[in-house]
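Novice: okay, sequence plus prediction incoming.
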Amino acid sequence: MDDFEVKTLAGKISGIMGPDFCIADTSGKLIFPEKEENIPVPDEPSEGGFQTTDGRVFLFVKTEGDGLWFCDTVKPGESQAAARKALELASIIYNENVLTASARRNDFFRTLLTGGRDAVNQNDFSLYTKRISAAGGDVEVLIVTVSSRRNGDGTERENRISDVCSLLEYVFPESDGCVTVKMKADTAAVIVPVGEANSPEDIAATAAGVRETAFSEYLTDISVGIGARVRQLRNADTSYRTAERALAVGESFGFEGGVYSYDKLGVARLLYGLKREVCEAYLREVFGTAFLEYHGKKVRADEKSGEKGGEAGDELIKTVKTYLELNQNVSETSKVLFVHRNTLNYRIDKFNKLTGLNCTSFEDGLKVSIGFMILDYMNSLPPERGEEVQQGAPRKPQSRR
């Protein structure tokens, strides 16, 4: 619940409790009524009252969710027990309203992100827009998902995303105009304003920090997709969709780091979503049958040995990939792979003979780099979609009867 909702609800409770009712945070700073002053709050609730120097007796009750102090004075002729019960009843009403308001708010933003502005109540949209500082400028949406690679059932993953949501709310606070939204059992989203103090680079760096903290504090592996920058809150659904795509592209192509920005995906953004037939045709055109058959044999051999689909066991592909990533620098590649230059040159020459290409040239090197990206993409597809390319054989047409 944000400050606006707290103050609105506090005003209603104050109308029942009386003018001495107030709310303070854990440091004693008054939240309601709005005054630049602090009151002495106890460390923990106690049965007795707190008597001030002027003879007034204060009672304190701490709320469950956000740990606020509810305070009221014991009025003349009123017992402390009766006054405390009234204050506890007020805190119960507050807690129930917090849960209801929080759920309603989460539903609103979840619908806004998935369905767009037209899918939400327009009065609510106007109300929330006024309360979010990001509404007047550019925003980016982050999607945070708990990785399915770790063991655990649905309940455990939901508990993990709850921990992650708490972390996100701390790192991206409402006071900065940010909104954390729980989307489903293993996914959350954050609406973040973009400005001078919060550039896209800053957001990406902060997301990387969140990922590290989630793993160190909660042993939770998360991935983050960062959407495109859009104008104003009403376009947040566009940023959400591009964040989904960034997450899918990053994981499909095996990018490292776990934080994928839509504006930094490069050629992978163009390749993602290509039809299987298009990918197969490109691979056959660039690599040829001999290499694809070689690659298919390596994939099957790796599967038998427990390796992940041609990723670790195939030294030839690993060597050429590294060589291209290091701008075709033989010395650097030798150092990174810990192999002799002669061994490196032998593998490159073997690859060139298998494919009929010359990966030491810029043009062929570019073709091969794109081909490797498509291989990674195809390897991420379900077996029934990718097995023909992995095995190096074109799909046989079904006979018509």
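Specialist: Okay, I see it. Numbering: from 1, shown residues only.
Novice: okay, now the residue lying closest to residue 225 once chain neighbours are set aside: neighbour count?
Specialist: What sits nearest to residue 225 in space, not counting adjacent residues and going by C-beta to C-beta, 6 or more residues apart in numbering, is residue 247, at 3.1 Å. Yep, even glycine has a C-beta here, placed from its N, CA and C like the rest. Other residues within reach of residue 247, judged by other C-beta atoms under 10 Å, total 24.
Novice: ok, residue 247 - contacts?
Specialist: 143, 145, 223, 224, 225, 260 (C-beta atoms under 8 Å, 6 or more residues apart in numbering).
Novice: helix/strand/coil for the fourth one?
Specialist: Following DSSP: H, G, I helix; E, B strand; the rest coil, the label given to residue 224 is strand.
Novice: begin at 21, not 1, for the rest of this chat.
Specialist: Noted, 21 is the first residue going forward, which turns the last one into residue 244.
Novice: just checking, residue 246 touches residue 164?
Specialist: No: using C-beta atoms under 8 Å, residue 246 is not in contact with residue 164, being 10.1 Å away.
Novice: what sits in contact with each of the two?
Specialist: residue 227.
Novice: on that earlier part again, and the helix or strand that contains the residue nearest to residue 245, what's its mean pLDDT?
Specialist: Counting by DSSP states H and E, the element that carries residue 267 is helix 256-272. Over the span of helix 256-272, the pLDDT mean works out to 91.
Novice: quick check: buried residues in whichever helix or strand comes after it?
Specialist: Per DSSP H and E, the first helix or strand lying C-terminal to helix 256-272 is strand 279-281. By neighbour count with 16 or more other C-beta atoms under 10 Å, strand 279-281 contains the buried residues 279, 280, 281.
Novice: same question, stretch 270-286
Specialist: Those would be 270, 271, 272, 273, 275, 278, 279, 280, 281, 282, 284, 285, for stretch 270-286 by 16+ other C-beta under 10 Å.
Novice: next, count neighbours for residue 247.
Specialist: If we define neighbours as other C-beta under 10 Å, then residue 247 has 29 of them.
Novice: now do the contacts for it.
Specialist: Contacts of residue 247 (C-beta under 8 Å, 6+ apart): 160-163, 258-264, 266, 282.
Novice: again, but for residue 377
Specialist: Taking C-beta under 8 Å, 6+ apart as the definition, contacts of residue 377 comprise 306, 371, 384, 387, 388.
Novice: related to what we said a few turns ago, check the offset of the helix holding residue 267 from the chain's centre.
Specialist: Centroid separation for helix 256-272 versus its chain: 10 Å, with C-alpha atoms, centre = their mean, to the nearest Å.
Novice: which sections of the protein are below the confidence cut-off?
Specialist: 21-25, 63-79, 81-87, 119, 151-157, 167-178, 216-217, 316, 318-333, 401-421 (pLDDT under 70).
Novice: would you mind measuring from residue 229 to residue 195?
Specialist: 19 Å (C-beta to C-beta, to the nearest Å).
Novice: for the contacts of residue 247, which one is nearest residue 188?
Specialist: residue 162 (8.2 Å; C-beta to C-beta).
Novice: show me what that closest one is bridged to.
Specialist: Under the criterion DSSP bridges, residue 162 forms beta bridges with residue 210, residue 246.
Novice: I'd say it and residue 263 touch.
Specialist: Yes: the criterion here is C-beta under 8 Å, and residue 162 meets it with residue 263 at 6.3 Å.
Novice: okay, and the common contacts of these two?
Specialist: With C-beta under 8 Å, 6+ apart, residue 162 and residue 263 have common neighbours 209, 245, 246, 247.
Novice: mind picking the two most distant members of the residues you listed?
Specialist: 209 and 246 (10.9 Å).
Novice: which residue ranges form the strands in the stretch 71-220 of the chain?
Specialist: 77-82, 89-93, 158-166, 199-204, 207-214 (DSSP state E, counting those that start in this stretch).
Novice: tell me which of those lies nearest to residue 135.
Specialist: strand 199-204 (12.4 Å).
Novice: report the distance from that closest one to the chain centre.
Specialist: For strand 199-204, the distance to the chain centre is 10 Å (C-alpha atoms, centre = their mean).
Novice: swap in stretch 199-208?
Specialist: For stretch 199-208 - counting by C-alpha atoms, centre = their mean - the centre lies 8 Å from the chain centre.
Novice: ok, now stretch 51-62?
Specialist: The answer for stretch 51-62 is 36 Å, by C-alpha atoms, centre = their mean.
Novice: and that stretch, what's buried?
Specialist: So stretch 51-62, judged by 16+ other C-beta under 10 Å, has buried residues 51, 52, 59, 61.
Novice: just stretch 383-393 next, same as before
Specialist: So for stretch 383-393, counting by 16+ other C-beta under 10 Å, buried means 384, 385, 387, 388, 390, 391, 392, 393.
Novice: which residues touch it?
Specialist: 273, 287-288, 291, 302-303, 306-307, 337, 340-341, 344, 348, 375, 377-379.
Novice: next one: residue 103 from residue 109, what distance?
Specialist: Taken as C-beta to C-beta, the span from residue 103 to residue 109 is 11 Å.
Novice: who's more crowded, the two?
Specialist: residue 103 (19 against 14).
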